[in-house]
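Colleague: need a 3D model of the sequence below.
(one chain, ligands or ions: 1)
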Amino acid sequence: MKKIDLRSDTVTVPTQEMREAMVSAEVGDDVYGEDPTVNRLEAVTAEKVGKEAGLFVTSGTQGNLIAILAHCSKGDGAILGMDSHIYNYEGGGIAAIAGVLPLLVDDTGGIMSEDSIKKWCRPHDVHFAPARLLCLENTHNRQGGNAVSPQDFKEVAVAAKEEGLSVHLDGARIFNAAVAWGVDVKEYTSVVDSVQLCLSKGLGAPVGSILCGSAEFIERARHWRKRLGGGMRQAGVIAACGLIAIEKMVNRLEEDHKNAALLAELLEDGGLLVEKPRKRTNMVYFVVKGEENKVKTLADRCAAKGVLFNALSEGRFRLVTHLWIDEKDVKEAAKIIIEEASCC
Ligand SMILES: Cc1ncc(COP(=O)(O)O)c(C=O)c1O
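Modeller: As a prediction, this is how the structure comes out:
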């Protein structure tokens, strides 16, 4: 039975072109700055997002953590959305390793209000952890994969800078946002100090993220990467896939968005309650109500029929389209999900 794996866009395996690029990649010791493929990937990505420098890191989680460490000192505060990936899904690294206090704000819809940010920017007082950093996320994973518009994004980033904060973008899927709104990615990245973007999600590379920012920021970030054990030596082997991801895979994200829109439409036509983000990208969230036991086992029952997806919380499910999902898969998955959900 063919598996239709809609758990995440992280499940993508490398393309044949990527596998061939790995074999022939020119490599060197990247801790000495001598891996030409890593150096090229960092430079190409930084140029694409309009920053001075880039740093190849092992994962999105590591990129975000390094950004927090490079922007903040122990005891500082970072303003974070309550639904942000950094707060919910990165193992508490912000607390465990950075010693930074999350200052939480409501990010319903994928972005916070300017007022909620300003409330945390309090005058100096020994009682307070000083707010140093704002972390934004776009597209916003837990908020339906919503792509926040360049306009809304910019307003919040500019307001934070006016308050003296640094701004970091968890742009794990920032190219999905840019493609969804039909804008150059710099519409987002030009208004932040640093951005982490994932090569290993919709762009299809097997491993890695790039953290970009000013040359001075990346120098500090490089030091933190080493401290965290993230110096990777002959990493050109995987950076070669990252280059293909960044140079050739961005435009194809549109296909994932089209497939997600079709999936949402089919599920809705089948009577399911489908969430409607303002700008859908490659995710579909749906909610199932019914007998507790049957709702609980929905994902397992679909998996038994070859359709894999995750339950984000009780009765709320997420489907993610990606490189290895086509229109036929979408139709088959919708059919099975509707059948199984109708038994709830
Ligand atoms: C919005 C967001 N940020 C960061 C990450 C972390 O990326 P990684 O899994 O590479 O650590 C993810 C992963 O799904 C994500 O969705």
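Colleague: rest of the way, CA atoms for contacts and neighbours
Modeller: OK.
Colleague: and this protein, which residues reach the ligand?
Modeller: With the criterion set to C-alpha under 6 Å from any ligand atom, the chain comes near the ligand through 59-61, 85, 141, 170, 172.
Colleague: now for the residues you listed: which two are most distant?
Modeller: Across the residues of the chain next to the ligand, the two members that end up farthest from each other (C-alpha to C-alpha) are Ser59 and Asn141, 16.1 Å apart.
Colleague: buried subset of the residues of the chain next to the ligand as a PyMOL selection?
Modeller: Paste this into PyMOL to select the buried members of those, with burial taken from 16 or more other C-alpha atoms under 10 Å:
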select buried, resi 59+60+61+85+141+170+172
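Colleague: quickly find the element holding Lys201.
Modeller: Assigned by DSSP states H and E, Lys201 belongs to neither a helix nor a strand.
Colleague: kindly apply the preceding question to Leu134 instead.
Modeller: Following DSSP H and E, the helix or strand that holds Leu134 is strand 131-137.
Colleague: so where do the helices sit in the stretch 201-344 of the chain?
Modeller: Listed in chain order, the helices found in the stretch 201-344 of the chain under DSSP state H, counting those that start in this stretch are 215-227, 236-248, 253-269, 292-296, 298-304, 327-341.
Colleague: Serialize those to JSON lines and add fields for distance to Arg7, mean neighbour count and mean pLDDT.
Modeller: Below are the helices of the stretch 201-344 of the chain laid out as JSON lines (distance: least, C-alpha to C-alpha, whole Å; neighbours: other C-alpha atoms under 10 Å; pLDDT from 0 to 100):
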{"stretch": "helix 215-227", "distance to Arg7": "29", "mean neighbour count": "17", "mean pLDDT": "98"}
{"stretch": "helix 236-248", "distance to Arg7": "20", "mean neighbour count": "23", "mean pLDDT": "98"}
{"stretch": "helix 253-269", "distance to Arg7": "13", "mean neighbour count": "20", "mean pLDDT": "98"}
{"stretch": "helix 292-296", "distance to Arg7": "16", "mean neighbour count": "16", "mean pLDDT": "86"}
{"stretch": "helix 298-304", "distance to Arg7": "10", "mean neighbour count": "18", "mean pLDDT": "96"}
{"stretch": "helix 327-341", "distance to Arg7": "12", "mean neighbour count": "18", "mean pLDDT": "97"}
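Colleague: for the ones you listed, which one sits closest to Val183?
Modeller: Between Val183 and those, the tightest spacing by C-alpha to C-alpha is seen for helix 253-269, at 12.6 Å.
Colleague: helices or strands up against the closest one?
Modeller: For helix 253-269, the helices and strands in contact under the criterion 3 or more C-alpha pairs under 8 Å, 6 or more residues apart in numbering; DSSP states H and E are helix 174-181, strand 273-274, strand 283-287, helix 327-341.
Colleague: can you give me the offset of the first one from its chain's centre?
Modeller: On the basis of C-alpha atoms, centre = their mean, to the nearest Å, the separation between the geometric centre of helix 174-181 and that of its chain is 12 Å.
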